[in-house]
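Enquirer: no sequence on this one, just coordinates:
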């Protein structure tokens, strides 16, 4: 299961890496992999794509949308208008 989650986030072969060996973007993708594995109905994602390139951003958003399709509530906090536009509902705080 762990290897599958890491593979889905583009981190195959990272099973034995220490957190301090990972870049910020890799750490963010590990957090998404953990969310895939954990039971629960609510995913709180604070800037889940902030340190990612566009390719990995798209992977993470696809995975979060997949979790939402599986009847989980996914709340994303973002400053990225591209990410916001991919969400089903937007609440703006001024």
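Expert: Now that the structure is in, tell me what you want to look at. What you see is a predicted model, and the numbers here were worked out from it, not measured in a lab.
Enquirer: need phi/psi at residue 93.
Expert: phi -110, psi 120 (degrees, to the nearest 10).
Enquirer: state the pLDDT value of it.
Expert: pLDDT for residue 93: 89.
Enquirer: could you do residue 2 as well?
Expert: With respect to pLDDT, residue 2 has a value of 92.
Enquirer: how about the lengthiest helix in the chain: buried residues?
Expert: Looking across the chain with DSSP state H, the single longest helix is helix 54-69. Using 16 or more other CB atoms under 10 Å as the test for burial, helix 54-69 gives 56, 57, 59, 60, 61, 63, 64, 67, 68. For the C-beta atoms, the positions are set from N, CA and C on the backbone; glycine is no exception.
Enquirer: elements contacting it?
Expert: helix 24-37, strand 42-46, strand 73-77, helix 81-85 (3 or more CB pairs under 8 Å, 6 or more residues apart in numbering; DSSP states H and E).
Enquirer: re the thing from before, what two of the buried residues of helix 54-69 are the furthest from one another?
Expert: Distance extremes for the buried residues of helix 54-69: the farthest pair is 56 and 68 at 18.8 Å, using CB to CB.
Enquirer: can you redo the helices and strands packed on helix 54-69 as a markdown table with mean neighbour count?
Expert: Below are the helices and strands packed on helix 54-69 laid out as a markdown table (neighbours: other CB atoms under 10 Å):
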| stretch | mean neighbour count |
| --- | --- |
| helix 24-37 | 18 |
| strand 42-46 | 14 |
| strand 73-77 | 16 |
| helix 81-85 | 13 |
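Enquirer: need the ones you listed in CSV (columns: mean pLDDT).
Expert: Shown next, in CSV, are the helices and strands packed on helix 54-69 (pLDDT from 0 to 100):
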stretch, mean pLDDT
helix 24-37, 94
strand 42-46, 96
strand 73-77, 97
helix 81-85, 95
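Enquirer: would CSV of the ones you listed with distance to residue 10 be doable?
Expert: Converted to CSV, these look like this (distance: least, CB to CB, whole Å):
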stretch, distance to residue 10
helix 24-37, 6
strand 42-46, 17
strand 73-77, 19
helix 81-85, 17
